[in-house]
Structure formats: C-alpha cells, structure tokens
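Undergrad: Here is my input; please provide its structure:
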Amino acid sequence: MKRDWGKIRDVLQAVEEDRLIDTMNTLSSSGERDEIDVFFGHLLLCLDADLVDGIHVYVDSLRGWRWSVGTGPVHLTMKGHDMLED
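TA: Numbering: from 1, shown residues only. Model (predicted):
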C-alpha cells in the first residue's frame with residue numbers, strides 16, 4: 001500500500017470529529033474490501049506515527065483475516081492535532 005496523505009487526513013478528521021467507529025462500520029458494511037484495507041492500513045500508519053491513540057487494530061485470523069479493533073477513548077495525540085493543522 002502506498003501512503004496517501006489525503007487518506008491519513010481522512011482518518012485524523014474522523015477521529016477528531018468522533019466518527020471513527022461510524023466510519024469503520026460504514027466501510028465494513030459496504031463490503032468493498034480494497035477500500036476497507038486502505039482505510040485500516042492508513043489507520044495503522046497513524047497509530048505507528050503516534051497520531052492517534054486509544055484503539056488497537058489487528059487482523060483476526062479467526063474471522064477470515066478480517067480487520068478487528070479494540071477501542072478505549074479514541075483520540076488524537078498532540079502530534080495528530082499538529083498534523084491536521086499543517
């Protein structure tokens with residue numbers, strides 16, 4: 001997957017606007033596997049860069065290698081807010 005700054009911004013905005021879980025549910029319901037993989041891949045990049053905190057993303061082999069999440073209070077870190085301002 002190529003990094004797409006627009007997709008990263010989409011993830012950060014979804015977190016900032018408290019609609020990340022709704023966005024993930026909508027994508028999962030759509031069944032568009034490529035779109036789901038791109039979104040979750042960019043969410044992982046945001047987590048790796050410490051832009052987002054409060055969520056754990058993994059691939060669940062018991063669910064047919066589907067994306068799974070564990071959430072707490074999902075929020076942008078200070079770095080995440082700074083990234084959105086740029």
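
Undergrad: can you tell me the helix or strand for the nearest residue to residue 4 once chain neighbours are set aside?
TA: Nearest non-adjacent residue to residue 4, counting by C-beta to C-beta, 6 or more residues apart in numbering: residue 42, 6.8 Å away. Every residue, glycine included, has its C-beta placed from N, CA and C. Element membership for residue 42 (DSSP states H and E) is helix 33-48.

Undergrad: buried ones in that helix?
TA: 36, 38-47 (16 or more other C-beta atoms under 10 Å).

Undergrad: can you check stretch 17-24 too?
TA: Result for stretch 17-24 [16+ other C-beta under 10 Å]: buried residues 20, 23-24.

Undergrad: Make a markdown table from the residues you listed and add distance to residue 84 and secondary structure to it.
TA: Formatted as a markdown table, these follow (distance: C-beta to C-beta, whole Å; DSSP: H, G, I helix; E, B strand; the rest coil):
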| residue | distance to residue 84 | secondary structure |
| --- | --- | --- |
| 20 | 14 | helix |
| 23 | 16 | helix |
| 24 | 19 | helix |
